[in-house]
Each structure stands twice: as structure tokens, then as C-alpha cells.
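1. build the 3D model from these lines:
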Amino acid sequence: MMRAPVLAAIALVLTSFAGPGPADAAERVVQARAGALISAIEKAEAGDVLRLQPGLHQGPIVLDKPLTLAGVDGARIDGGGSGSVVTIDAPDSAIIGLTLTGSGLSLETLDAGVKLTQKATRAEVRDNRILNNLVGVDVHGAHDAHVARNLIEGRQDLRVNERGNGLYVWNAPGLVAEYNTIRHGRDGVFVNTSHKDTFRGNRFENLRFAVHYMYGNDGEIIGNLSTGNDIGYALMFSDGLVVRDNASIGDRNHGLMLNFANNAVITGNLVRNGGEKCLFMYNSNKNQVSGNRFEHCIIGIHFTAGSERNTFSDNAFIANQTQVKYVGSRNLDWSKAGRGNYWSDHAAFDTNGDGIADTAFRPNDMIDQILWTQPAAKLLVGSPAVQLLRWTQSQFPALLPGGVVDTAPLMRPPEVTPPNAGVNG
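-> Numbers count the residues shown, from 1 in each chain. Purely as a prediction, here's the structure:
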């Protein structure tokens, strides 16, 4: 009969010795006055929320304990042109709903609107306007960070190579960066030696590369939109990436570029109105390329430098000046499990109505390879001899050199819809 009161007494004693929890966190209002923010940070306890009122708050500041800085509409922190505007150097901290501006200009120290150090585990940076800083957000060793729904704009008064990246990521596994709009920096996202990160639903405009991925394995790049950049998605020296449902619209050089990128799944992407190449693959192996649309580029795919054991199926190549550029003598069948790709310039019939063309398609012939290796031969393209050679090859396929052939071309292209990505700026 005495057991329940005894247990209750023990629980009361243990509770009295427990440390402060989330219920003990306080919310403190911080007015926009000189020195007020720095003073509030010094006086705050771990877990407190500092509610920044409208107006200018002086930076740079460092959060060396778990705190949340939450801005009322119109609250702004200015770094005064020195270092990073906000540095998070403690776990479980957050920067929410603020305008952050005025970082320094040192590329050596990566001066940023927000810098997350190795101690900033589970940091959150969301719903901010991060404007006119050298780097937008520098995730420098912080694990499991979340960067979401921010507008990040770089310094337009600097040359492109003098600017920092919108989001710089180094050794930050578990990062999720989603629904941000990034423009006017050097690269939108630059990943350097970081694994298992996710970049989802972001919008990239007026940059060098939208996503520049180097030495990052097992990452996901999903549902992003790149428009008006030099290159959309540059994937280099990385393994096991998932690149799905992204769009590159009007990027000037390449929509997708793979350089020493292996074992990637590249599916459901749209590249349209690219200036040079929809997809460039260089020494990239064992990748699955399926369900993509490559439209209105000078070259649909440039495939070169020993790339092997890649599979291509269910893609659409539509109105590219050259659908495929492959300089090599190997025979490559671009179909899988009886399904090839759609080619807008393949005039074919489907007599049994199974959606597969009755004749195979070869995007290149001997003349194409001569023109790639001997550009001066373009002067002869319209000559009767060249036309006769092309006709002869079409009638006698055994004369064709090695190259890409689609043995099961599709009669209809897959539909791919551009994502609705980023935040309104």
C-alpha cells in the first residue's frame, strides 16, 4: 500500500535535481539600439529566444550558446563590413526571419551572412533575407544543419570570380538545403568534400554554376530550377548521387555536366534552350540516365573520354542541332529492357502499336565523325559525294563505324514539368 507514495516521493526528489529543460527557456525582446543585441546575447541563457525588433542591429555577432534569433518584420543585422555577420558556434541554434547584410570581403576566411562552425550541430537558418554579403551561408563542418526558404543575393558590384558562393558546404553531412532562392553570387551551391547532403526545391539565377558538386558522395539534388547561369549542375569527382526532377532553362553552356561522376541516378530532369550542351559526360561511369528531356541545345549529349557502363533509356532528344556527339569506335546500344529513347528526327513507323519504332536509330554516321575530327571538312557537307556516302551508309548499315545506336527507339517522348522552386524575392 505504501509503494505508490514512495515512488512519487522518489520522482519528486529526482525532478528537483534535474537541469533546466526547454520549458525554462525565456523569450527576450531586443530593441534596435547600439550594443543591445550583443548585450542580450551575453545575458541570455541556453535555449532562450531573442526577439529582434524592427530596425538596425549591430553586428558582427557570435552565438556561443544555443540561442534562437527571431526577427520581427523589418529587423536587420549589419556586419559593418567585417567578418561574418552572424557566426553560430554552438549546437541547436537558429536564425529566423532576419535581414542579414554587410559581411567582410575576405575569400580566405569566407566572410558570410551566416557562418556555421563545426560546433553548430543541428543549426537552422530559415526565412531570412541574406543580402550583399561575400558568401551567403557557410556551412563549415556543421552536421545535420537545415537551411530553408532564404533569399540569398550576392555582391553585384564585384566581378564573378571575386564573389563568394551563395551556399558553401564543407564536411557537413546531413545538411538539408531546401526552397532557397540564390542569385548573383559565384556558384549557387558549392559542395566540397561533404557526403549525404540534400539540395531540394531551390532556385538559382544569374550565377556561374547553379550547383557545383565536388568530392561529395551519396547526395541528393532534387526538384531544383537553374535559369540563366553558365552551367546548371556540375557534378565532379562524386559517387552515388541522385539527380532527380531538376530543370535547367536557358543555361548558357551546359545544363548537366558529369566529370568523374560515377554510379549516379539521373532521372526526370529537363534541360531546355541551352546554349551549347544539354548534357556533357566526361570520364563518368556506371550512371543510369533515364526519363529526362534534352531540348533545343546545340548538342543534346556530348559523350566522351572513356565513359563506360552507362545506361540510357526513356529519354527524349528534341530538336537539338546535333542529338549526340560521340567520338569513338565502340558500339553502344542506348536501350534497356527493350526500351530506348525518343528522337525527334527519327522518321519511323510503329506497325504493331507497342510504342517502339520498327527500325533502330543511329544519331551519328561516318560524316559526323569526320567533321568532328576535321572541322575544315564542313565545306564539303553539301557536296554530291558526301550526300552519296550518307545514302550508301543508310542502305548498308555494315558500312557504319562504331558508335551509338538505339535499337528500340520510342515513338513518344516522356513528359517532364519544370519544378516550382525557391522563394519569392
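
2. Lys286: neighbour count?
-> 13 (other Cβ atoms under 10 Å). Yep, even glycine has a C-beta here, placed from its N, CA and C like the rest.

3. nope, Gly47 is what I was after
-> By other Cβ under 10 Å, neighbour count at Gly47 equals 18.

4. cool, and the one 4 residues further on?
-> Using other Cβ under 10 Å, Arg51 has 17 neighbouring residues.

5. buried ones in the host helix or strand of it?
-> Arg51 belongs to strand 49-52 when elements are defined using DSSP states H and E. For strand 49-52, burial by neighbour count (16 or more other Cβ atoms under 10 Å) applies to Val49, Leu50, Arg51, Leu52.

6. any chance of CSV for these, columns pLDDT and distance to Met236?
-> Conversion of the buried residues of strand 49-52 to CSV gives the following (pLDDT from 0 to 100; distance: Cβ to Cβ, whole Å):
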residue, pLDDT, distance to Met236
Val49, 98, 41
Leu50, 98, 41
Arg51, 98, 43
Leu52, 98, 40
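
7. which residues in the chain form helices?
-> Ranges of helices in the chain, per DSSP state H, are 3-17, 36-43, 366-373, 384-395.

8. can you tell me which of those the model trusts least?
-> Note on the helices of the chain: lowest mean pLDDT is at helix 3-17, with a mean of 42.

9. ok, Ile152 - contacts?
-> Residues counted as contacts of Ile152 (Cβ atoms under 8 Å, 6 or more residues apart in numbering) are Gly113, Ile130, Leu131, Gly136, Val137, Gly166, Leu167, Asn180, Thr181, Ile182, Arg183, Gly185.

10. chain center to stretch 335-354, what's the gap?
-> Relative to the chain's own centre, stretch 335-354 is displaced by 32 Å; criterion: Cα atoms, centre = their mean, to the nearest Å.

11. model confidence over it, on average?
-> Stretch 335-354 comes out at a mean pLDDT of 93.

12. again, but for stretch 226-240
-> On average, stretch 226-240 scores 97.

13. same thing with stretch 189-205?
-> Rounded mean pLDDT across stretch 189-205 is 97.

14. which of the residues in that stretch are buried?
-> In stretch 189-205, counting by 16+ other Cβ under 10 Å, buried: 189-191, 194-195, 197, 199-205.

15. likewise stretch 95-114?
-> 95-104, 110-114.

16. how close does the closest residue to Leu410 other than its chain neighbours get to Leu37?
-> Nearest non-adjacent residue to Leu410, counting by Cβ to Cβ, 6 or more residues apart in numbering: Tyr342, 4.3 Å away. Relative to Leu37, Tyr342 is positioned 58 Å away (Cβ to Cβ, to the nearest Å).

17. and Asn165, how many residues sit next to it?
-> That count, for Asn165 with other Cβ under 10 Å as the rule, works out to 28.

18. again with the one 4 residues further on
-> Residue crowding around Val169 was assessed by other Cβ under 10 Å; the count is 29.

19. for the residue most central in space within the chain, give the beta-bridge partners.
-> Residue closest to the mean C-alpha point of the chain, counted by Cα atoms, centre = their mean, is Val211 at 3.9 Å. Val211 forms beta bridges with Val189, Tyr233, as assigned by DSSP bridges.
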